[in-house]
Every structure is written in structure tokens, then in C-alpha cells.
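>>> got a predicted model here, sequence first, then my questions.
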Amino acid sequence: MFSLRKPSEAALAEIVAEQSARRLSYPQVGATAAEVGHEAMPPGYAHDRWTCDLGAFDEELFVRAATALGTWAVQRGAGITVFPSSPVEPGLTFALALKLPVGYVKAAGRVVYVTDEPGRYGFAYGTLPAHPEQGEEAFHLSRYGARLTFTIAAFSRPRHPLARLGAPVARALQLRTTKAYQRAMQGVLQ
């Protein structure tokens, strides 16, 4: 999961092939779909819900943002490598590579649901055994009155021994990445 060098596309493809038949590493699949808030997410995890205003709702803007979200542009814009580059769809197994202060972390996930409704688009992915964390993260664009919002909701806890040992650092990296996701989405719309 951790390496000093950036993982090659072949290394990420190996992770995807190995993890494709594996079960998600947590039982509360789909818990990020609740719109109620933190109380709807499972206990025993850190809960996050971050929303940023993207401006006045405009159908063209919404379609552009949804297209970017559905093709991993937010993750890539945050500096994360995603393999394969296939569009988001339920059941898609993928690998991520994220630069750390020293080295890289490799992680595997699976898209657990996609939301595609008038004025609302997004998806969530869950962690697989080859992920240092355990939990689920959701990304949604929503019409909120006359505004367009981007919400990231997640529940997670360290799973890998190094992630547990460095939990405060891992938590700081999660928060930094969330802010990078928001900046990347804002950048898509400029």
C-alpha cells in the first residue's frame, strides 16, 4: 500500500485485478446516501460532511460539473492518479495513487452507487482490503434552491497498521485531500 516511488499503471492494474473479486472492507455499504447528516452514518468511524457553494445554479454549469465528477476530474485535479480511467459506474473497481510527504499510498475502491437525478448527480465509493482506510466516501452535486453545491460526505477509520499508527497524520491528509477536491471542482467550473 505504501511505496517510495510513484506506482506505475501496470502496478495499479495489478491491484485492480487482485481486488476485483474481493468484498468491501466494511459492512455499512451505502450509508453515505442518507442526506440527514452525521447521525445517519455508522458509529465507530470519523464522520465528515463538507459542502461548498459553486455559484448560481445553471443547467449547463451543472452538466459540465457532473461530467467532470463522473470522469474522475475532481480526484485527478486533487493530484490523485486513478486507474482505470473508465467513467464512474456502479461496481467499478479502481486503484488510486496519492502522493504523501514521503512516497505514495496505493488504495483500492469500488463504486457502490451512482446518483443521477434532475438537479443531483454524484457517486460513492467504498474501500477494499487494499486500502489503508476502511469506509465510504461520497461526492455529490446538488441544486439547492437557486445555488449549485458540491458535497463530500465520508465515514472512515484507519485499517492498515501504519495508518492506525499514524492516525493523526492520516486524518490531516484526508482533510487536505478534501480541500483539494473542493478546489478541483471549483476549477472545473472556471
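Right, received. Where do you want to start?
>>> apart from its neighbours in sequence, what residue is nearest Ser20?
Thr93 (4.6 Å; CB to CB, 6 or more residues apart in numbering). Backbone N, C-alpha and C define where each C-beta goes, glycine included.
>>> please disregard the earlier target; I meant Arg157.
Tyr45 (4.9 Å).
>>> isn't the one you found right next to Ser156, touching?
Yes. In this structure, Tyr45 is within contact of Ser156 by CB atoms under 8 Å, at 5.8 Å.
>>> between these two, which has more neighbouring residues?
Neighbour tally, Tyr45 and Ser156, criterion other CB atoms under 10 Å: the higher count belongs to Ser156, 23 against 18.
>>> list the buried ones in the strand or helix carrying the more buried one?
Using DSSP states H and E, Ser156 maps to strand 147-158. Buried residues in strand 147-158, defined by neighbour count with 16 or more other CB atoms under 10 Å: Leu148, Thr149, Phe150, Thr151, Ile152, Ala153, Ala154, Phe155, Ser156, Arg157, Pro158.
>>> now do stretch 59-79
Those would be 61-62, 65-66, 68-70, 72-75, 77-78, for stretch 59-79 by 16+ other CB under 10 Å.
>>> what would the residues you listed look like in CSV with secondary structure, distance to Thr177 and pLDDT?
Converted to CSV, the buried residues of stretch 59-79 look like this (DSSP: H, G, I helix; E, B strand; the rest coil; distance: CB to CB, whole Å; pLDDT from 0 to 100):
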residue, secondary structure, distance to Thr177, pLDDT
Leu61, helix, 24, 93
Phe62, helix, 24, 96
Ala65, helix, 19, 96
Ala66, helix, 21, 97
Ala68, helix, 17, 97
Leu69, helix, 15, 97
Gly70, helix, 19, 98
Trp72, coil, 14, 97
Ala73, helix, 15, 96
Val74, helix, 10, 96
Gln75, helix, 9, 96
Gly77, helix, 11, 95
Ala78, coil, 6, 94
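>>> of those residues, closest to Ser20?
Trp72 (17.8 Å; CB to CB).
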